[in-house]
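Student: no FASTA, just this:
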């Protein structure tokens, strides 16, 4: 890790947290690491605060392709993106010095809204009704009509995002080594008049998913990109593909994705 000596820490500027981080800063400096104030100068970006903070760190620093990301949980809690714990920060510095880590590459989805604005997501994109009525969308796969969805909304999740919102709505947990994305329904309406697949489905990395909102008065849905919500006027369509970008993170060699899943859920 000799060439990766510039560290940027992403965390809320709170006095108590600053005090807890100071010993880590000192230890890192004592071992030849530089702590930089601008994320653009970093080789490694470190989030502090759990999986939510990790998602924000990646988003706020622009899904950088030329650096590594890693996460530190503030307390002794399971995290799918966080290999380290602030109470045992010395383990992180020791691992970085002795190269006891591996680089893993997480798929990212690209969401195009109204054929104008692009958004990247490491976890998931979701579109939900903001009114007390269903939202209706025509679902296309590779420009071919698949179904007309009527319900509360849809989630499009990456493999790592499959353990989040997607799992809570009974979607499948997907190995992040599988480049794909998953579509999961939110309270679909299925009867003699309306019919959807009624289960999650997984699309290959080469597929294109298009969701066209039927303009029936429910034209202001909430669109979620990871853990941020956007209210976009007159949403007409979303096009989702697997991005050619990835998020490179560092992990302990003995801490696989499925180890994390087991600790978190079993």
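Tutor: Cool, the structure landed. Because the structure is predicted, anything quoted here is derived from the model rather than measured.
Student: which residues in the stretch 51-200 of the chain form strands?
Tutor: 68-73, 84-85, 101-113, 117-121, 124-128, 135-141, 144-151, 153-157, 180-186 (DSSP state E, counting those that start in this stretch).
Student: Please report phi then psi for the residue of the chain positioned farthest from its centre.
Tutor: Relative to the C-alpha centroid of the chain, counting by C-alpha atoms, centre = their mean, residue 192 is the outermost residue, at 36.4 Å. The phi and psi torsions at residue 192 (degrees, to the nearest 10) take the values phi -70, psi -20.
Student: Need the per-residue pLDDT for it.
Tutor: With respect to pLDDT, residue 192 scores 85.
Student: do residue 29 as well
Tutor: For residue 29, pLDDT reads 91.
Student: Could you do residue 86 as well?
Tutor: For residue 86, pLDDT reads 86.
Student: Next up, the contacts around residue 114.
Tutor: Applying C-beta atoms under 8 Å, 6 or more residues apart in numbering, we find residue 114 in contact with 232, 234-237. The way it works is simple: take the backbone N, C-alpha and C, and place the C-beta from them, glycine included.
Student: from those residues, which would you call buried?
Tutor: For the contacts of residue 114, a burial check counting by 16 or more other C-beta atoms under 10 Å picks out 232, 235.
Student: care to break the protein down by domain?
Tutor: According to the TED database, the chain comprises the domains 6-102+251-265, 107-245.
Student: hey, least reliable of those domains by pLDDT?
Tutor: Among the domains of the chain, domain 6-102+251-265 scores lowest, with a mean of 88.
Student: what about that one, how long is it end to end?
Tutor: Its first and final residues considered, domain 6-102+251-265 spans 34 Å by C-alpha to C-alpha, to the nearest Å.
Student: now stretch 48-66
Tutor: Stretch 48-66: ends 20 Å apart by C-alpha to C-alpha.
Student: Residue 210: helix or strand, and which one exactly?
Tutor: Using DSSP states H and E, residue 210 sits in strand 209-213.
Student: Just list what the helix or strand following that strand packs against, helices and strands only.
Tutor: Once the chain leaves strand 209-213, the next helix or strand it forms, by DSSP H and E, is strand 222-225. In terms of contacts (3 or more C-beta pairs under 8 Å, 6 or more residues apart in numbering; DSSP states H and E), strand 222-225 is packed against strand 117-121, strand 124-128, strand 228-231.
Student: Among those, show me which one is buried the most.
Tutor: strand 124-128 (a mean of 23; mean count of other C-beta atoms under 10 Å).
Student: which other residues reach it?
Tutor: 109, 111, 119, 135, 137, 152-158, 161, 164-166, 186, 211, 213, 221-226, 235, 238, 240.
Student: pretty sure residue 65 is touching residue 245, no?
Tutor: Yes. Under the criterion of C-beta atoms under 8 Å, residue 65 makes contact with residue 245 at 6.0 Å.
Student: More neighbours: these two, which one.
Tutor: residue 245 (14 against 10; other C-beta atoms under 10 Å).
Student: Secondary structure class of the more buried one, three-state.
Tutor: On the three-state scheme (DSSP: H, G, I helix; E, B strand; the rest coil), residue 245 is labelled strand.
Student: mind listing what it touches?
Tutor: 63, 65, 108, 110, 120.
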